[in-house]
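*Asks:* Fold the following.
(2 chains)
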2 protein chains.
Amino acid sequence: MQAVIGIDWGTSSLRATLFTETGTVREERRRAWGIGRLPPCGFDAALDDVCAGWPAAPILASGMIGSRQGWREVGYVNTPADTDLLIEGTVTFRSDRGRTISIVPGVRNPETSDVMRGEETEIAGALTMCPELSGSSRLVLPGSHSKWVDIQCGKIVGFATMMTGELHSALLRHTILGADVPGDSPDAAPDAFDEGVQAARGSCGAGALTRIFSARALVLDSRLDCNAVPSYLSGLLIGEEWRAMLASGWLQTGRPPALVGDPRLCALYQRAAMLFDLPRPAALSGAAATGLWRIHVALEKQRAGVSVTRTSEHR
Amino acid sequence: MQAVIGIDWGTSSLRATLFTETGTVREERRRAWGIGRLPPCGFDAALDDVCAGWPAAPILASGMIGSRQGWREVGYVNTPADTDLLIEGTVTFRSDRGRTISIVPGVRNPETSDVMRGEETEIAGALTMCPELSGSSRLVLPGSHSKWVDIQCGKIVGFATMMTGELHSALLRHTILGADVPGDSPDAAPDAFDEGVQAARGSCGAGALTRIFSARALVLDSRLDCNAVPSYLSGLLIGEEWRAMLASGWLQTGRPPALVGDPRLCALYQRAAMLFDLPRPAALSGAAATGLWRIHVALEKQRAGVSVTRTSEHR
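*Replies:* The predicted model follows:
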């Protein structure tokens, strides 16, 4: 197998992983160069920096780097989607500085038009790390845009997006809920986080939008400290995810989904799940890198089988 | 009865009404001088301008003018609240330029800590305009912070706030949902508004937060025009109000609440209600001015009865 540099390249940051020929992670580096804030010389310059001193190797990237605003637009593949479909949709090109770059496609749910970019690779990683999730399982990938994903027979068969992280930030920064609130960390006040989760749970079928103003009203009434508002609001919005998914029947109480993502964020989702009397969900981290290696292996096998793949572009 | 100048004075604008001694509206004027954006010389200067040429008369004001950030902080009265309680909580003072100013208190729901400022006066007006609403009724006051209000025996006995207007604005201006979207008018695309309402209705117990990302995903999939996003999102959020209030049992399908407020906004709520198979709700406008006159009359009667009221302050 050839060595490869895997890049999880999103809107606000990139994370590069140097793999050896056997798939061992040799080094990981992170930069704040998401596609929205690149260094002046652009994508190639960002790679020069993040890969400095590493041996030359082809690049395999996933995430918003394949969007219209990214380096090269790579279309979506439709659900049901597995690794075979992802490598069919992967686009390979040569950069101005002579690098070979492959970008993994996003996944689209044709029923709802919902889309993901980057999470498909984390999912491929999660299914590699825990093969028992491949049969029939539910995954949650918390984040700016949380994804609630339905897996059957190793394929993504459906998913839905909740804009929890982005909504949390917009409410705190740009509405009355953020008035007099100094920080934005959801971890600052665990008790307030729990109260937020309970408020979402208590909203029953009405849902948490009927409760978000409480993040301000409780402050005015001296029942919530300003410093605890980010935690309270985080509990309310994460609690709303659990409430909604239980209410819709997507989740059954005895069988929690597995969490995939940042351990700090997964810990908040675990805490919220338990306040809904669900068993503590498992949490997997490092899935993006594992998924990139998994897709690299599949791509290499495919390339070894056919001299020119029908989905690769070279220019 | 003495003449009075009534002022509905909120965060982003003020609306002044000159009443004759018999309560006839002689003139109405509007300025963009909410408490957040006053002319340089402050509250008195704003009054000089908006009352220019009007006969000297005491001022009766309601709304955010009585908040901590307003001219004079006036506490809340608790539910159950009627006009008698409002006049008990009204604070009167003399301004630097010698005007007599009275400010109506807000109302607080002690169970939930929820609060309103300004809507209590509109509600007093609505109950004056339609006395049949006084017995037992439900009112909706759409706006930045929509209020869903429970009336019994002429009293506000409960209410809940939905941050619909402010959320619509924050989502369009500060999240991915506003990308490539030129305007923000909810009236631009009635069909898209209806689709948003149907999306909220279709979300069933899960609620509209599970659907807001569709405002972006449908654009990416060329199923929604960028120009129609504000209407779609407005339909989704206003639809969510109806969905939530029906789901919670607060509303019964045969008996819609009355709408009180801006006719344009009320028309959107009527349109959404009918998509939930509710009868078309009645809509009342001009309730703030009517409510200010109603409270003025009650205050004058009280003052005629007692020489120094226990709730007035003079300095």
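
*Asks:* Pass me the low-pLDDT residue ranges in the stretch 1-150 of chain A, would you?
*Replies:* By pLDDT under 70, the stretch 1-150 of chain A contains no weakly predicted segment.

*Asks:* How about the residues of it by chain B?
*Replies:* Residues of the stretch 1-150 of chain A found near chain B (C-beta under 8 Å from any C-beta of the partner chain) are A:108, A:112-115, A:145. The C-beta positions use only the backbone N, C-alpha and C, and glycine is treated the same way.

*Asks:* Distance-wise, check the residue most central in space within chain A relative to residue B:302.
*Replies:* Nearest residue to the geometric centre of chain A (C-alpha atoms, centre = their mean): residue A:119, 4.6 Å. Residue A:119 sits at a distance of 64 Å from residue B:302 (criterion: C-beta to C-beta, to the nearest Å).

*Asks:* Same question for residue A:103.
*Replies:* 74 Å.

*Asks:* Could you do residue A:277 as well?
*Replies:* 53 Å.

*Asks:* Residue A:49 too?
*Replies:* Plainly put, residue A:49 is 74 Å away from residue B:302 if you go by C-beta to C-beta.

*Asks:* And for residue A:76?
*Replies:* 68 Å.

*Asks:* who's more crowded, these two?
*Replies:* residue A:76 (22 against 16; other C-beta atoms under 10 Å in any protein chain shown).

*Asks:* Tell me the spatial nearest neighbour of the more buried one, not counting adjacent residues.
*Replies:* The shortest distance from residue A:76 to any non-neighbouring residue, by C-beta to C-beta, 6 or more residues apart in numbering or on different chains, is to residue A:108 (3.7 Å).

*Asks:* go on, residue A:12?
*Replies:* Among residues not flanking residue A:12 along the chain, residue A:34 sits closest, at 3.9 Å (C-beta to C-beta, 6+ apart).

*Asks:* what sits against the one you found?
*Replies:* Residue A:34 is in contact with A:9-14, A:64, counting by C-beta atoms under 8 Å, 6 or more residues apart in numbering or on different chains.

*Asks:* 7 Å - rerun?
*Replies:* The contact partners of residue A:34, taken as C-beta atoms under 7 Å, 6 or more residues apart in numbering or on different chains, are A:10-14.

*Asks:* One more: residue A:106?
*Replies:* A:66, A:76, A:115-117, A:120.

*Asks:* quick one: which of those has the most company?
*Replies:* Within the contacts of residue A:106, neighbour counts (other C-beta under 10 Å) peak at residue A:120, which reaches 32 neighbours.

*Asks:* Residue A:180 reaches residue A:226, doesn't it?
*Replies:* Yes. In this structure, residue A:180 is within contact of residue A:226 by C-beta atoms under 7 Å, at 4.8 Å.

*Asks:* tell me which parts of the stretch 151-300 of chain A are close to chain B?
*Replies:* With C-beta under 7 Å from any C-beta of the partner chain as the criterion, the stretch 151-300 of chain A meets chain B at residues A:160-163, A:166, A:170-171, A:173-176, A:204-210, A:212-214, A:217-218, A:220-221, A:223, A:240, A:244, A:247-248.

*Asks:* out of the residues of the stretch 1-150 of chain A next to chain B, which are inside strands?
*Replies:* Among those, the members falling in strands (DSSP state E) are A:108, A:114-115.

*Asks:* out of those, who's nearest residue B:4?
*Replies:* Residue B:4 lies nearest to residue A:114 out of these, by C-beta to C-beta, at 55.4 Å.

*Asks:* can you pull the contacts of the residue of the stretch 1-150 of chain A found nearest chain B?
*Replies:* Closest to chain B within the stretch 1-150 of chain A is residue A:113: 3.9 Å, counting by C-beta to the nearest C-beta. Contact analysis of residue A:113 by C-beta under 7 Å, 6+ apart lists B:214, B:217-218, B:221, B:223.

*Asks:* Just the ones of the residues of the stretch 151-300 of chain A next to chain B in strands?
*Replies:* Those of these lying in strands (DSSP E): A:160-162.

*Asks:* Please name the nearest non-neighbouring residue to residue A:275.
*Replies:* Leaving aside its chain neighbours, residue A:275 sits nearest to residue A:197 (4.5 Å; criterion: C-beta to C-beta, 6+ apart).

*Asks:* Would you agree that neighbour is in contact with residue A:272?
*Replies:* Yes. Taking contacts as C-beta under 7 Å, residue A:197 lies within contact range of residue A:272: 4.7 Å.

*Asks:* what do those two both touch?
*Replies:* Shared contacts of residue A:197 and residue A:272, defined by C-beta under 7 Å, 6+ apart, comprise A:235, A:238-239.

*Asks:* among those residues, who's most crowded?
*Replies:* Neighbour max across the shared contacts of residue A:197 and residue A:272 (other C-beta under 10 Å) = residue A:235, 31 neighbours.

*Asks:* pLDDT score assigned to the residue lying farthest from the centre of chain A?
*Replies:* The C-alpha centroid of chain A is most remote from residue A:221, which lies 36.9 Å away (C-alpha atoms, centre = their mean). Each residue has a pLDDT score; the one for residue A:221 is 95.

*Asks:* Find the nearest non-adjacent residue to it, please.
*Replies:* Per C-beta to C-beta, 6+ apart, closest to residue A:221 is residue B:113, 3.9 Å.

*Asks:* Would you double-check that residue A:16 falls in a strand?
*Replies:* Yes. Assessed by DSSP: H, G, I helix; E, B strand; the rest coil, residue A:16 belongs to a strand.

*Asks:* my guess is it meets residue A:48, correct?
*Replies:* No. Using C-beta under 7 Å, residue A:16 is not in contact with residue A:48, being 11.6 Å away.

*Asks:* higher neighbour count, the two?
*Replies:* Legend: neighbour count by other C-beta under 10 Å for residue A:16 and residue A:48, higher for residue A:16 (24 against 13).
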